[in-house]
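**Student:** My questions are about this predicted structure, shown below with the sequence.
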Amino acid sequence: MKEFWNNRYAEKEYAYGVEPNQFLKENLHLLPKGKILFVAEGEGRNAVFAAQNRYDVYAFDYSEPAKDKALQLALDKKVTLQYSVFDVLECSYPKDFFDAIVLIFAHFPFEIRKEAHQKIQSFLKPNGKILFEAFTKEQLNYNSGGPKEISMLFSEEEVKDEFNLVSFDFLTKEIVSLNEGPYHQGKGSVIRFLATKNAENE
């Protein structure tokens, strides 16, 4: 998988464009200002957008070419990111550190996914917010991108099980029209949520 993403992000063109994800663009204002983490952020389009909106932006991915392109995009847009390269299970931010966390099409292998999502939630302050968009299992019926392995796609039940330290402000499944660079084009099936970390889980 790492080789696949390194090759994709080594291409000259930005794989998913340089404009922010539409769901993030419409909902960023719902996230508290402060430290925000972008998980599996790739080439930086969403992190840069948050930085342009005066968030203190952290991001990570496990692809070095992705980081290079993200930092170049940040330079072009005259903003700064704190971007790290590591695997999701190796990331080591402090507990209760972030005011908000964003996962946009962050699809991890099923065998590590719940552990990864538990770890990510531990970095979020009580009452902090998570914004999430990913492909559902029905995405296999569409050609607009995403993993081709059904176990890496989401059901509503899996989302609720894996994000069990939060309360959902909203949780929806939708058919959307994607226009994000060469690799996200056309109709797709997504699951989206905004959630708040439960204070009693501190």
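**Tutor:** That came in fine, so what should we check first? Predicted, not measured: the structure shown is a model, and the values here were computed from it. Residues are numbered from 1 along each chain as shown.

**Student:** in this structure, which spans are strands?
**Tutor:** With DSSP state E as the criterion, the chain has strands at 35-39, 56-61, 82-85, 98-104, 124-135, 166-180, 184-197.

**Student:** deepest of these, which one?
**Tutor:** Mean neighbour count (mean count of other CB atoms under 10 Å) peaks for strand 35-39 among these, with a mean of 25. Just so you know, the C-beta spots here come from the backbone N, C-alpha and C atoms, and that holds for glycine as well.

**Student:** In the helix or strand bottoming out on mean pLDDT in the chain, which residues are buried?
**Tutor:** Least confident helix or strand, the chain: helix 2-10 with a mean of 90, by mean pLDDT, DSSP states H and E. By 16 or more other CB atoms under 10 Å, the buried positions in helix 2-10 come out as Trp5, Arg8, Tyr9.

**Student:** What of stretch 84-92?
**Tutor:** Going by 16+ other CB under 10 Å, stretch 84-92 has these buried residues: Ser84, Val88, Cys91.

**Student:** State the phi and psi torsions of the residue nearest to Leu73 when sequence neighbours are not counted.
**Tutor:** Excluding the flanking residues, the one nearest Leu73 by CB to CB, 6 or more residues apart in numbering is Gly44, at 4.8 Å. The phi and psi torsions at Gly44 (degrees, to the nearest 10) take the values phi 90, psi 0.

**Student:** Show me what the most centrally placed residue in the chain bridges to in the sheet.
**Tutor:** Nearest residue to the geometric centre of the chain (CA atoms, centre = their mean): Leu103, 2.2 Å. Beta bridges link Leu103 to Val39, Phe132 when assigned by DSSP bridges.

**Student:** before we move on, back to that, on contacts alone, who are the packing partners of the least confident helix or strand of the chain?
**Tutor:** helix 64-77 (3 or more CB pairs under 8 Å, 6 or more residues apart in numbering; DSSP states H and E).

**Student:** Off-centre distance for the helix it packs on?
**Tutor:** 16 Å (CA atoms, centre = their mean, to the nearest Å).

**Student:** just for the chain, where's the confidence low?
**Tutor:** Applying pLDDT under 70 to the chain flags the ranges 200-202.
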